[in-house]
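Peer 1: Please find the sequence and the predicted model below.
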Amino acid sequence: MFRFDNTYARLPERFYARVTPAAVPKPELIAFNSELARRLGAPAESLPERELASIFTGQKLLPGSEPISLAYAGHQFGQFVHQLGDGRALLLGEVVDLSGRRRDIQLKGSGRTPFSRNGDGKAPLGPVLREYLVSEAMHHLGLPTTRALAAALTGEPVYRERVFPGAILTRVASSHIRIGTFEYFAAKRDMEALRRLTDYAIQRHYPEIQEDSEADLLFFRKVGEAQVELVTGWMALGFIHGVMNTDNMSIAGETIDFGPCAFMDRFRFDQVFSSIDQFGRYAYSNQPKITLWNLSRLGSCLLLLAQTREKEMAKTLENDMDSLGALFEQRLIAKMLEKLGITQSTQPGDRELVLQWLRLLQTQQLDYTLSFRNLAHLVESDSDSGFFQKTSAFQDFYQIWQKRLQSQGLEAGTIREKMNRVNPIYIPRNHRIEQVIAAALAGDFSLFHEMNEVIETPFEEREKFNDYSLAPRPDQVVHATFCGT
Ligand code: AMP
Ligand code: MG
């Protein structure tokens, strides 16, 4: 099915552990992403479901597969943990997809590994469905992300606060190299491994810089830019990752690890969902600061590689950090302006306009996603269905915004269309995901399949899916999401 071409497994043995997926009693396929399979050069229509279930629970190993669990460390909520690693995941192997890009195929929930510590290596059904939906939604919303290839039941109970059906997610990623992978070797002062990892990461993700004499510095900048692009994209969508620990930050700049993440309903600058984030470290508007903090961890690792000109490199990294901070601000404002229908170069006052808008959403306790769609109705006229309260703060915003729109010299229809192309109508709302999970736990996967269809076209209004665009009723609001463990 896959033509594996494994490169990580050729790295030194201390980069990973060779593992065997655990035997499970009753593999059963929940979902298979045939569109993604085709892109991976592995059309699977002809394979019976039983066979797919067996492959994507790790019961049948395909030829060329070399299962390994990767070693990494990481800063969790600011505290360094010297060894984390794939405690419940294994890399089946790598494939080169139809567009020539290398992709990791990984099972998550496939049993204990040498990195499991006290964990059971398993995944309950809920978090598997959640990651499937949210990662696929992220992809269709246009952001770099790991994707979901398959979800399957294992037929085994998983013990958490209660007993859940066990499941396995097959995840596809650009790679699973994290900032924490660098920290793992840096903490051990294993310079040889750090050098190998850096060269490998450059070759795999940023080959255009590999011949440069300053490749390590350029690598830092590339990762930084990719992270800035990603996190500003999250923020424009109202997405809160929830656990931006350094072990959950991919150096490819993809969204990875959908634990206690969420798309906000009502806008609040300091919104937090994660039940384990007591101090709001990973709150919505802390995400820029945390991105930079995480990048500075990567910078410190790379600095260890400077052989003679350490001071000079430290200075350059410091300057890069400043530039990345400025880039973050600039990209975030540009993306927010685009959502407001302003696509021509930024003008003085634009940043304030964005803040004015967000403050308005917060004060009026408005739904983030629906606010932008409703604002689009106001491009041409000042009457909407009463979504916004026409307070003086609103009028102030409205007047500046209208003037700014008009300065662009575009047709109103064009502006509205542009806005609706970047402002989704469907996001995987928390209360919907909870409903999907509740139904699945009762044995009904129809909502899960329906929601998968909804998230495929997030910008296109579809009559039959109207309910999915709605904000939760007060009794449906989800206040906390949990880690996928
Ligand atoms: P996460 O919070 O999902 O990023 O996971 C942090 C670390 O805990 C990673 O090293 C995971 O592999 C590990 N981990 C999470 N859940 C389990 C589990 N059920 N069994 C073993 N290890 C786990
Ligand atoms: Mg993780």
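Peer 2: Perfect, thanks for sending it. Ligands and ions are numbered 1, 2, ... in the order given.
Peer 1: Gly325 belongs to a helix?
Peer 2: Yes. Gly325: assigned to a helix according to DSSP: H, G, I helix; E, B strand; the rest coil.
Peer 1: so how many other residues sit close to it?
Peer 2: The tally of other residues near Gly325 (other CB atoms under 10 Å) stands at 17. For the C-beta atoms, the positions are set from N, CA and C on the backbone; glycine is no exception.
Peer 1: Skipping its backbone neighbours, what lies nearest it in space?
Peer 2: Closest residue in space to Gly325, ignoring its immediate chain neighbours: Leu292 at 5.8 Å, by CB to CB, 6 or more residues apart in numbering.
Peer 1: Over to Arg331?
Peer 2: Thr232 (4.3 Å).
Peer 1: helix, strand or coil for the one you found?
Peer 2: When classified by three-state DSSP, Thr232 comes out as helix.
Peer 1: That one: what's it in contact with?
Peer 2: Contacts of Thr232 were listed using CB atoms under 8 Å, 6 or more residues apart in numbering, and they are Phe328, Arg331, Leu332, Lys335.
Peer 1: can you give me phi and psi for Phe164?
Peer 2: Here is the backbone geometry of Phe164 (degrees, to the nearest 10): phi -120, psi 160.
Peer 1: shouldn't it be in contact with Val158?
Peer 2: Yes. Taking CB atoms under 8 Å as the contact criterion, Phe164 and Val158 are neighbours in contact, 5.0 Å apart.
Peer 1: which neighbours do these two share?
Peer 2: Any residue near both Phe164 and Val158 by CB under 8 Å, 6+ apart counts here, and that gives Pro124, Leu125.
Peer 1: Next, the buried residues of the host helix or strand of Phe448.
Peer 2: Counting by DSSP states H and E, the element that carries Phe448 is helix 446-454. For helix 446-454, burial by neighbour count (16 or more other CB atoms under 10 Å) applies to Leu447, Phe448, Met451, Asn452, Val454.
Peer 1: for this protein, what spans make up the strands?
Peer 2: 16-18, 28-32, 68-70, 74-76, 79-81, 89-96, 102-108, 123-124, 147-159, 163-173, 239-240, 262-263 (DSSP state E).
Peer 1: Now tabulate those strands in JSON lines and tack on distance to Thr316, mean pLDDT and mean neighbour count.
Peer 2: Supplementary listing: the strands of the chain in JSON lines, determined by distance: least, CB to CB, whole Å; pLDDT from 0 to 100; neighbours: other CB atoms under 10 Å:
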{"stretch": "strand 16-18", "distance to Thr316": "32", "mean pLDDT": "98", "mean neighbour count": "18"}
{"stretch": "strand 28-32", "distance to Thr316": "47", "mean pLDDT": "98", "mean neighbour count": "20"}
{"stretch": "strand 68-70", "distance to Thr316": "29", "mean pLDDT": "98", "mean neighbour count": "24"}
{"stretch": "strand 74-76", "distance to Thr316": "23", "mean pLDDT": "98", "mean neighbour count": "20"}
{"stretch": "strand 79-81", "distance to Thr316": "24", "mean pLDDT": "97", "mean neighbour count": "13"}
{"stretch": "strand 89-96", "distance to Thr316": "33", "mean pLDDT": "98", "mean neighbour count": "23"}
{"stretch": "strand 102-108", "distance to Thr316": "29", "mean pLDDT": "98", "mean neighbour count": "22"}
{"stretch": "strand 123-124", "distance to Thr316": "42", "mean pLDDT": "98", "mean neighbour count": "24"}
{"stretch": "strand 147-159", "distance to Thr316": "35", "mean pLDDT": "98", "mean neighbour count": "21"}
{"stretch": "strand 163-173", "distance to Thr316": "30", "mean pLDDT": "98", "mean neighbour count": "23"}
{"stretch": "strand 239-240", "distance to Thr316": "32", "mean pLDDT": "98", "mean neighbour count": "25"}
{"stretch": "strand 262-263", "distance to Thr316": "37", "mean pLDDT": "96", "mean neighbour count": "24"}
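Peer 1: Reformat those strands as a markdown table; add distance to Thr391.
Peer 2: Converted to a markdown table, those look like this (distance: least, CB to CB, whole Å):
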| stretch | distance to Thr391 |
| --- | --- |
| strand 16-18 | 58 |
| strand 28-32 | 46 |
| strand 68-70 | 53 |
| strand 74-76 | 42 |
| strand 79-81 | 44 |
| strand 89-96 | 50 |
| strand 102-108 | 47 |
| strand 123-124 | 45 |
| strand 147-159 | 43 |
| strand 163-173 | 45 |
| strand 239-240 | 27 |
| strand 262-263 | 26 |
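Peer 1: Report the angle between the helix holding Phe448 and strand 28-32.
Peer 2: With axes from the mean of the first three to the mean of the last three CA atoms, to 10 degrees as the criterion, the two stretches helix 446-454 and strand 28-32 enclose an angle of 20 degrees.
Peer 1: And for the closest residue to Phe269 other than its chain neighbours, the neighbour number?
Peer 2: What sits nearest to Phe269 in space, not counting adjacent residues and going by CB to CB, 6+ apart, is Ser285, at 4.4 Å. Look at Ser285: counted by other CB under 10 Å, it has 14 neighbours.
Peer 1: can I assume Ser285 is in contact with Phe267?
Peer 2: No. Using CB under 8 Å, Ser285 makes no contact with Phe267, being 10.4 Å away.
Peer 1: Nearest residue to the residue positioned nearest the centre of the chain in space, please, no chain neighbours.
Peer 2: What sits nearest the mean C-alpha location of the chain, by CA atoms, centre = their mean, is Thr255, with 2.4 Å. Leaving out its chain neighbours, the residue that sits closest to Thr255 by CB to CB, 6+ apart is Thr145, at 4.0 Å.
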